[in-house]
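Q: Sequence and predicted structure are below.
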Amino acid sequence: MSRAISVGLGERAYDVLVGEGLLEQAGRLIAPLQKRGRTAVVSDETVWALHGPRLTAALAVAGIEALPVIVPPGEQTKSFEGLADVSDRLLALELDRGDIVTAFGGGVVGDLTGFAAAIYKRGIDFVQIPTTLLAQVDSSVGGKTAIDTPRGKNLVGAFHQPRLVLADLSVLATLDDREMRAGYAEVIKYGLLGDRAFFEWLEANGAAVLAREPSALSHAVARSVEMKAEIVAEDEKEQGRRALLNLGHTFAHALEAETGYGAALLHGEAVGVGMALAFRFSAGLGLTDGQDAGRAGRAIAASGLPTTLADIPGHPFDAARLVAHMAQDKKAEAGRLTFILARALGDAFVAKDVDAGAVRQFLVAEGAAA
Ligand code: GLY
């Protein structure tokens, strides 16, 4: 049983299928999208070792040969070097525009593969098969592709929509609990930014989602994808409402920059604490009431995610350094800071004119060094 959620982008519209066992159906589902009975499958060593044989067999059933392009796991692969390597290997496979590339992995593989597909021979179609919760509910949907540079994450990239996304919930069985929690931060994000009823459902059912209870997991992923699809269809290039998907991300990116974008603080964990901070900051500015901010924080904490600076290795952070990272954020316009703030649970908005001094004071009140 799977659900199809359409991302309504006119002639570039595509489906995100959410369900158990989609990997086994990958050949049948991808076959109509390709012409020559082959697809390059970009994956990382970990995912390929766990699930590569299943995907290869499923593609073979439909007469599609999987041409593996296996990259090292980890954020460092999302670099100019990683892009050059993948591009060169796609060229060596003599892929042409009638072929299709399949991204099979988490956010790193999806972002890198999507960008390689966007520029390979000026653009080739690609399919996303996300294997982490974070990639299933966020990064595989919506066409943002990118690599990192030494100046920051996701600074070089392109919008390139996939032709199909297969979110097979059964692959989440092998995801470690920490990665599962990190992805769950993005699930809570959808409730907090725009759907109070979903947030309340997560308050009651979050533990079941994290335990991978099938019906809870399926609802959480499908509702998240549905919300993302709706926002992307309305604002593909992030001219307006799509920015709401960055709830918690301005704080998160600054903390990730300070902790080295690594195992000390995973992106989803940074988003967890970032959303708790965004709600408390909103409460401090009198935009939302303290009760909603408290509830947001408790729901995030209940899933085992950090919600305060003191929860993060590397604390105490320096308030001025954190604000300096925020000012470099690609979303900062004309020196003012952009934040996604909240009026209530399920009601976030884009605030473009946030005073850096107020942010700094808030961070000091949260325990950062003055
Ligand atoms: N992850 C945020 C977005 O896709 O816009």
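A: That came through, no problem.
Q: Could you pick out the residues of the protein near the ligand for me?
A: 138, 142, 144, 238, 242, 245 (CB under 6 Å from any ligand atom). Where C-beta positions appear, they are placed from N, C-alpha and C, glycine not excepted.
Q: Dump those to a markdown table, plus secondary structure.
A: Below are the residues of the chain next to the ligand laid out as a markdown table (DSSP: H, G, I helix; E, B strand; the rest coil):
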| residue | secondary structure |
| --- | --- |
| Asp138 | helix |
| Gly142 | coil |
| Lys144 | strand |
| Glu238 | coil |
| Arg242 | helix |
| Leu245 | helix |
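Q: Name the member of those with the most neighbours.
A: In terms of neighbour count, Asp138 stands highest of these at 27 neighbours, by other CB atoms under 10 Å.
Q: can you pull the contacts of that one?
A: 107, 183, 186, 224, 228, 245 (CB atoms under 8 Å, 6 or more residues apart in numbering).
Q: got a winner among those residues for most neighbours?
A: Gly183 (31 neighbours).
Q: Is it correct that that residue falls within a strand?
A: No. According to three-state DSSP, the state of Gly183 is helix, so it is not within a strand.
Q: what about the nearest residue to it once chain neighbours are set aside, distance to the ligand?
A: Closest residue to Gly183 apart from its sequence neighbours, by CB to CB, 6 or more residues apart in numbering: Leu133 at 2.7 Å. Separation of Leu133 from the ligand (CB to the nearest ligand atom, to the nearest Å) stands at 14 Å.
Q: For the lengthiest helix in the chain, which residues meet the burial criterion?
A: Longest helix of the chain, by residue count under DSSP state H: helix 214-234. Residues of helix 214-234 classed as buried by neighbour count (16 or more other CB atoms under 10 Å): 216-233.
Q: What of stretch 336-351?
A: With burial defined by 16+ other CB under 10 Å, the residues of stretch 336-351 counted as buried are 337-342, 344-351.
Q: Looking at these, which one is closest to the ligand?
A: Ile340 (10.8 Å; CB to the nearest ligand atom).
Q: Tell me the strands beside the host helix or strand of that closest one, with direction?
A: Following DSSP states H and E, the helix or strand that holds Ile340 is strand 337-344. With DSSP bridges as the test, strand 337-344 is paired with strand 347-354 (antiparallel).
Q: Report the mean confidence score over the strand it pairs with.
A: For strand 347-354, mean pLDDT rounds to 95.
Q: and the angle from the lowest-mean-pLDDT helix or strand in the chain to strand 347-354?
A: Within the chain, no helix or strand scores below helix 319-328, which has a mean of 90 by mean pLDDT, DSSP states H and E. Interaxial angle of helix 319-328 relative to strand 347-354 (axes from the mean of the first three to the mean of the last three CA atoms, to 10 degrees): 100 degrees.
Q: and helix 319-328, which residues are buried?
A: Those would be 319, 322-323, 325-326, for helix 319-328 by 16+ other CB under 10 Å.
Q: Out of those, the closest to Val71 would be?
A: Here the nearest of the buried residues of helix 319-328 to Val71, counting by CB to CB, is His325; it sits at 27.7 Å.
Q: burial count for the nearest residue to the closest one once chain neighbours are set aside?
A: Sequence neighbours aside, Ala254 is the residue nearest to His325 in space, at 3.8 Å (criterion: CB to CB, 6+ apart). Burial measure for Ala254: 25 neighbouring residues, criterion other CB under 10 Å.
Q: any idea how far Ala254 is from Ala310?
A: 16 Å (CB to CB, to the nearest Å).
Q: try Leu9
A: Counting by CB to CB, the gap from Leu9 to Ala310 is 43 Å.
Q: before we move on, what about Asp125?
A: Taking CB to CB, one finds Asp125 at 47 Å from Ala310.
Q: out of those two, which sits in the busier spot?
A: Neighbour totals were compared for Asp125 and Ala310, and Asp125 leads with 20 against 13 (other CB under 10 Å).
Q: so the more buried one makes contact with Ile100?
A: Yes. With contact defined as CB atoms under 8 Å, Asp125 counts as touching Ile100 (4.9 Å).
Q: Can you pull the residues that touch both of these two?
A: Common neighbours of Asp125 and Ile100 (CB under 8 Å, 6+ apart) are 33-34, 163.
Q: Highest neighbour count among those residues?
A: Neighbour max across the shared contacts of Asp125 and Ile100 (other CB under 10 Å) = Gln34, 20 neighbours.
Q: and Ala118, helix, strand or coil?
A: Secondary structure of Ala118, per three-state DSSP, is helix.
Q: What about it, how many residues nearby?
A: 19.
Q: Which residue is the nearest non-sequential neighbour of it?
A: Per CB to CB, 6+ apart, closest to Ala118 is His160, 3.5 Å.
Q: those helices in the stretch 101-250 of the chain, which residues are they?
A: Taking DSSP state H, counting those that start in this stretch as the test, the helices found in the stretch 101-250 of the chain are 107-119, 133-134, 177-194, 196-210, 214-234, 249-259.
Q: Of these, which is nearest Ser87?
A: When the helices of the stretch 101-250 of the chain are compared by CB to CB, helix 107-119 sits nearest Ser87, at 5.4 Å.
Q: and the angle from that closest one to helix 177-194?
A: Using the same axes, to 10 degrees: helix 107-119 against helix 177-194 is 70 degrees.
Q: Which positions in helix 107-119 come out as buried?
A: 107-118.
Q: of these, closest to the ligand?
A: Distances from the ligand to these, taken as CB to the nearest ligand atom, are shortest for Gly107 (9.2 Å).
Q: Please report how far that closest one lies from Leu244.
A: Gly107 is 19 Å from Leu244, where distance means CB to CB.
Q: related to what we said a few turns ago, got the angle for the strand holding Ile340 vs helix 196-210?
A: Using the same axes, to 10 degrees: strand 337-344 against helix 196-210 is 100 degrees.
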